[in-house]
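> Sequence first, then the predicted structure, then my questions.
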Amino acid sequence: MALTLAAPVHSEVVIKKSRFIGCVQPVDGRDAAVRIVDELRRRHPGAAHVCWALMAGGQSAANDDGEPGGTAGRPMLEVLRHQELEGVLATVVRYFGGVKLGAGGLVRAYTDAVAQALLGVEKLTLQRLRTLVCAVPYAMEGMLRRELAGAGATLIAVSHGSLVRFVFSAVDAEADALRLRIDDAAQGRAAWEDEDLVRND
């Protein structure tokens, strides 16, 4: 079962005078991760490296940012993978302290910075959401609103034309049952449009 984080969490590790400032945080995907990393580079112009790892399905990535290959980004990614996290970015800003750590020391330092940040983090179950689009006669608008509220669905948009058109999202595993309940309540007068699968990251 994939998990994500409730909020960003930070850590700081000092090893042989080098500072490793870690952060793990939820992200929507690679574009958002790259923006965060760019912002960290701007905020830490004196840092030797800003290494990062992204666990986000097909957009997963690991970046050593000038550290010896495989000593930073990949070990950070392995920490995220081991904790079954998804939609999560790990970053570590390193200020070089003048003492080289060697490949093994770097792997430990970057792993520790991420692991320390994850120690007290609140994890959330990552649930797939399905976006549904349903149109009903005006007389059934109240009924549909009650069904959606009762199911804990999230209302995205409502528009009024010849019918009242609702765009909403529901937990994927519960969406089919909700659709059947709406069909029953609407006595076959609910019109459904194509569905999109989206992820709640």
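Great, that's in hand. Numbers count the residues shown, from 1 in each chain.

> count of neighbours near residue 58?
By other Cβ atoms under 10 Å, the residues close to residue 58 number 6. No exception for glycine: its C-beta is placed from N, CA and C like everyone else's.

> which stretches of this protein form helices?
Secondary structure of the chain (DSSP state H): helices at 30-43, 73-82, 102-118, 141-151, 172-185.

> Now render these as a markdown table, adding distance to residue 64 and mean pLDDT.
Shown next, in a markdown table, are these (distance: least, Cβ to Cβ, whole Å; pLDDT from 0 to 100):
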| stretch | distance to residue 64 | mean pLDDT |
| --- | --- | --- |
| helix 30-43 | 13 | 94 |
| helix 73-82 | 5 | 94 |
| helix 102-118 | 9 | 95 |
| helix 141-151 | 46 | 91 |
| helix 172-185 | 36 | 89 |
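
> Take these and write them to a markdown table, including distance to residue 89.
Output for the helices of the chain, formatted as a markdown table (distance: least, Cβ to Cβ, whole Å):
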| stretch | distance to residue 89 |
| --- | --- |
| helix 30-43 | 5 |
| helix 73-82 | 9 |
| helix 102-118 | 11 |
| helix 141-151 | 32 |
| helix 172-185 | 24 |
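
> quick check: domain ranges of this structure?
Annotated domains of the chain cover 3-125, 128-199 [automatic domain parsing].

> re the thing from before, closest one to residue 56 among the helices of the chain?
Residue 56 sits nearest to helix 30-43 of all the helices of the chain, at 6.5 Å, using Cβ to Cβ.

> picking up where we left off before, among the helices of the chain, which comes closest to residue 65?
Smallest distance to residue 65 across the helices of the chain (Cβ to Cβ): 7.6 Å, for helix 73-82.

> Now for the residue lying closest to residue 26 once chain neighbours are set aside, how many residues are close by?
Nearest residue to residue 26, sequence neighbours excluded (Cβ to Cβ, 6 or more residues apart in numbering): residue 5, at 4.7 Å. Neighbours of residue 5 under the rule other Cβ under 10 Å: 23.

> One more: the one 5 residues further on?
Each residue near residue 10 was counted by other Cβ under 10 Å, and the total is 13.

> so it touches residue 25, yeah?
No - Residue 10 lies out of contact with residue 25 (Cβ atoms under 8 Å); the separation is 9.1 Å.

> for the nearest residue to residue 97 once chain neighbours are set aside, phi and psi?
Once flanking residues are discounted, residue 97 sits nearest to residue 17: 2.6 Å by Cβ to Cβ, 6+ apart. As for residue 17, its main-chain torsions (degrees, to the nearest 10) stand at phi 70, psi -10.

> In contact with residue 159, which residues?
Counting by Cβ atoms under 8 Å, 6 or more residues apart in numbering, residue 159 makes contact with residue 165.

> shouldn't residue 156 be in contact with residue 167?
Yes - between residue 156 and residue 167 there is a contact under Cβ under 8 Å: 4.3 Å.
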